[in-house]
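K.L.:
coords please:
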Amino acid sequence: MTTAGRRHRIASDTTAAALRDALVGLGIGRGDEVIVPSFGPGGPADAVRLAGAVPVFADIDPRTFCLDPEAVEAGVTSRTAAVVPAHVFGHPAPMAQLTELADRRALALVEEGEVADDAGAVARRRAHARFLDSALRGVIVPYTAPGAHHLYHRYTVRVPGNGRPDRDAFAAALAARGVRATVSVPVPVHRMPAHRSGDVLPETERAAADTLSLPVHSGVTQRELTHIADTCNALGGLI
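P.N.:
Numbering: from 1, shown residues only. Next comes the predicted model:
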């Protein structure tokens, strides 16, 4: 393992095969562990397995949905070689804290690069998000950490109540009223057959059960946004 204290940035659209190559290039392989998120796409975990290493899943910060540095540190063992964080829904991972942790524990930190978004599209999404932040009641709106620049690739709310049953009923009620919401992470990666593990990730499980993404893409009109807010508020956040 030749990774100590090194930070590496890869393209935001990197495939699992390309990430595998980056890990192999760092000397990471059989006998190593790499800490990855479970809340999000399976690409990082796939890449770790392709490199011959073992993915270890760490829990998330329930506000940002990104890796929780404390959970990452709790998962470090003598076999840990690297951490692969992800920026989730457009909220950046806590790179300052993870960099400090990686330096202190002599780990590689493999970071995805910034998404090359059109500035105008980002500005519109942020404006849409601000409107929904102020208009929505009964659901928990997205959180932005101090100093972070949220890109709002998805506007993901949390539906209070009994987890998945209430979230799914809420999504169905929205759809019946013409609002198309999506479940961004139907199944956490550590629950998928290819990566099933005994990792205990309570915040990841809760987020997968109660989150729902509302439309904020740059093509959404103000009338549509108002309809989204009014429809959510009429449902009261809980079926």
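K.L.:
ok, and the closest non-adjacent residue to the residue nearest the centre of the chain?
P.N.:
In the chain, the C-alpha nearest the mean C-alpha coordinate belongs to Val88, at 3.0 Å (CA atoms, centre = their mean). Leaving aside its sequence neighbours, Val88 sits nearest to Phe65 (CB to CB, 6 or more residues apart in numbering; 4.3 Å). To be clear about C-beta, it is placed using only N, CA and C from the backbone, and glycine gets the same treatment.
K.L.:
number of nearby residues for that neighbour?
P.N.:
Look at Phe65: counted by other CB atoms under 10 Å, it has 28 neighbours.
K.L.:
now do it against Glu100, distance only.
P.N.:
Distance, Phe65 to Glu100, using CB to CB, to the nearest Å: 21 Å.
K.L.:
measure Ala108 to Leu26 for me?
P.N.:
Distance from Ala108 to Leu26, by CB to CB: 5 Å.
K.L.:
between the two, who's got more neighbours?
P.N.:
Taking neighbours as other CB under 10 Å, Ala108 and Leu26 compare with Ala108 leading, 25 against 20.
K.L.:
in the chain, where's the longest helix?
P.N.:
helix 119-135 (DSSP state H).
K.L.:
one step back: give me the common contacts of Ala108 and Leu26.
P.N.:
3, 6, 8, 81-82 (CB atoms under 8 Å, 6 or more residues apart in numbering).
K.L.:
my read is Pro62 is in a strand, agree?
P.N.:
No: according to DSSP: H, G, I helix; E, B strand; the rest coil, the state of Pro62 is coil, so it is not within a strand.
K.L.:
would you confirm that it contacts Ala209?
P.N.:
No: Pro62 lies out of contact with Ala209 (CB atoms under 8 Å); the separation is 11.8 Å.
K.L.:
please identify the helix or strand for Glu111.
P.N.:
strand 108-112 (DSSP states H and E).
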